[in-house]
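Visitor: Predicted model follows, preceded by the sequence.
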Amino acid sequence: MRLEAEGVMSLELQATDGAPLPEWTPGAHIDLLLPSGLVRQYSLCGDPLDRHRLRIGVLLESKGRGGSQEVHGRLRVGQKLAIRGPRNAFALQPDQSYLFVAGGIGITPILSMARVAQRVGAQWQLLYGGRARRSMAFVSELQALGQGRVEILPTDEVGLLDLDAIVVAAAAGQHIYSCGPAVLLDALSARFAEAGLSERLHLERFAPVVPVPGAGTGETLKVILARSGAEVEVPPDCSIMGALRAAGHQIASSCEQGICGMCETRVLDGIPDHRDSLLTEGERARGNVMMLCVSRALTPTLTLDL
Ligand code: FES
């Protein structure tokens, strides 16, 4: 455990038997199963080539739901924890050049992306915003890695990130990878949608977009499971995931808030009513995948590849 900045602790995780850890790619996250029973998702921010250590960065959120308080306040060096994953819903697509935009603790997935971009010889630039320099983690590591490619932009010194410049870069063909607080990601999403460039914006969120109607609000719908032919009725006050589980079907999940992508399922027929915070506008328009934990349907019936 290491205090990286004000309120940010990094944790290095190793297998108890020293065995190699599962492979992962930049943008991946793990579920951390805390001793209290809480399960929280954290992006991996170490080096994907290091098969013996996983590193995460955890921001203390005193008004959060308790996970970060447990990490900061109760975990101790050497303590045994279980994890699930890694999984990746924010993968870096092969490209010649990248513009990374991080806000606060959103630097964690971006740090491993920058490391890999550097390793493969891609052009890359990072705009790293944060409340104040003292609260921004991994600054010296990034500067050593990037050597001029990294701009550290604390709000109390230089103001907010220049979103227009980011849109201009995207208009010139650049793909943007961004992670950070909802206020930043919402503003970026709105600008990119306005400019018709949503396909060039790749985001990862820590919390669901609000307001979204809950998964358990809507009309009754019927779900057909294509592989078995089973039909399951989803009542208005229940999620598709909940109804499928109640009918005895196993559905893997992690966040159950529409942000991690673990329950993504192919849609073979019907139109999903997307309520997740993960799919891009383009992916929504194609309508061939959906998150079962939060999304519902615009048609009375959905046929799923299950
Ligand atoms: Fe995370 Fe559904 S379980 S998106």
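Guide: Cool, the structure landed. Numbers count the residues shown, from 1 in each chain.
Visitor: switch to C-alpha atoms for all contacts and neighbour counts from now on
Guide: Noted.
Visitor: Local confidence estimate at the closest residue to residue 199 other than its chain neighbours?
Guide: Closest residue to residue 199 apart from its sequence neighbours, by C-alpha to C-alpha, 6 or more residues apart in numbering: residue 282 at 6.5 Å. pLDDT recorded at residue 282 is 81.
Visitor: just residue 88 next, same as before
Guide: Residue 88 carries a pLDDT value of 90.
Visitor: List the contacts of it.
Guide: Each residue near residue 88 by C-alpha atoms under 8 Å, 6 or more residues apart in numbering is listed here: 24, 25, 26, 27, 28, 29, 261.
Visitor: what about residue 146, how many residues close to it?
Guide: 17 (other C-alpha atoms under 10 Å).
Visitor: What separation is there between it and the ligand?
Guide: 32 Å (C-alpha to the nearest ligand atom, to the nearest Å).
Visitor: and the residue nearest to residue 199, what element?
Guide: helix 281-286 (DSSP states H and E).
Visitor: pull the CA atoms of that helix into PDB?
Guide: Once non-C-alpha atoms are left out, helix 281-286 reads as follows in PDB (Å, rounded to 0.1, in the frame of the first residue of the first chain):
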ATOM      1  CA  GLU A 281     -24.300   6.200 -29.400                       C
ATOM      2  CA  GLY A 282     -23.200   4.100 -32.300                       C
ATOM      3  CA  GLU A 283     -23.300   0.800 -30.400                       C
ATOM      4  CA  ARG A 284     -26.800   1.800 -29.100                       C
ATOM      5  CA  ALA A 285     -28.000   2.600 -32.600                       C
ATOM      6  CA  ARG A 286     -26.800  -0.800 -33.800                       C
END
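Visitor: next SSE after that helix?
Guide: strand 289-291.
Visitor: got the buried residues for that following strand?
Guide: Applying a neighbour-count criterion of 16 or more other C-alpha atoms under 10 Å, one finds 289, 290, 291 buried in strand 289-291.
Visitor: Tell me the pLDDT of the first one.
Guide: In other words, residue 289. Looking at residue 289, its pLDDT is 96.
Visitor: Verify the stated contact: it with residue 267.
Guide: Yes - between residue 289 and residue 267 a contact is recorded at 5.2 Å, counting by C-alpha atoms under 8 Å.
Visitor: which residues of the stretch 201-306 of the chain fall in helices?
Guide: Along the stretch 201-306 of the chain, counting by DSSP state H, counting those that start in this stretch, helices occupy 240-246, 281-286.
Visitor: Nearest to residue 229 among those would be which one?
Guide: helix 240-246 (13.2 Å; C-alpha to C-alpha).
Visitor: Including secondary structure, distance to the ligand and pLDDT, could the contacts of residue 88 go into TSV?
Guide: Formatted as TSV, the contacts of residue 88 follow (DSSP: H, G, I helix; E, B strand; the rest coil; distance: C-alpha to the nearest ligand atom, whole Å; pLDDT from 0 to 100):
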residue	secondary structure	distance to the ligand	pLDDT
24	coil	18	97
25	coil	18	96
26	coil	18	97
27	coil	15	95
28	strand	13	95
29	strand	11	93
261	coil	4	87
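Visitor: Among those, name the buried ones.
Guide: The neighbour-count criterion (16+ other C-alpha under 10 Å) marks 24, 25, 26, 27, 28, 29, 261 among these as buried.
Visitor: For the ligand, what's the nearest residue on the stretch 51-200 of the chain?
Guide: Across the stretch 51-200 of the chain, no residue is closer to the ligand than residue 89, which sits at 9.2 Å (C-alpha to the nearest ligand atom).
Visitor: For residue 95, see how far away the closest residue to that residue other than its chain neighbours is.
Guide: In space, and not counting its chain neighbours, residue 89 is closest to residue 261: 5.6 Å by C-alpha to C-alpha, 6+ apart. With distances taken as C-alpha to C-alpha, to the nearest Å, residue 261 is found 23 Å from residue 95.
Visitor: that older thread, among the helices of the stretch 201-306 of the chain, which comes closest to the ligand?
Guide: helix 240-246 (8.5 Å).
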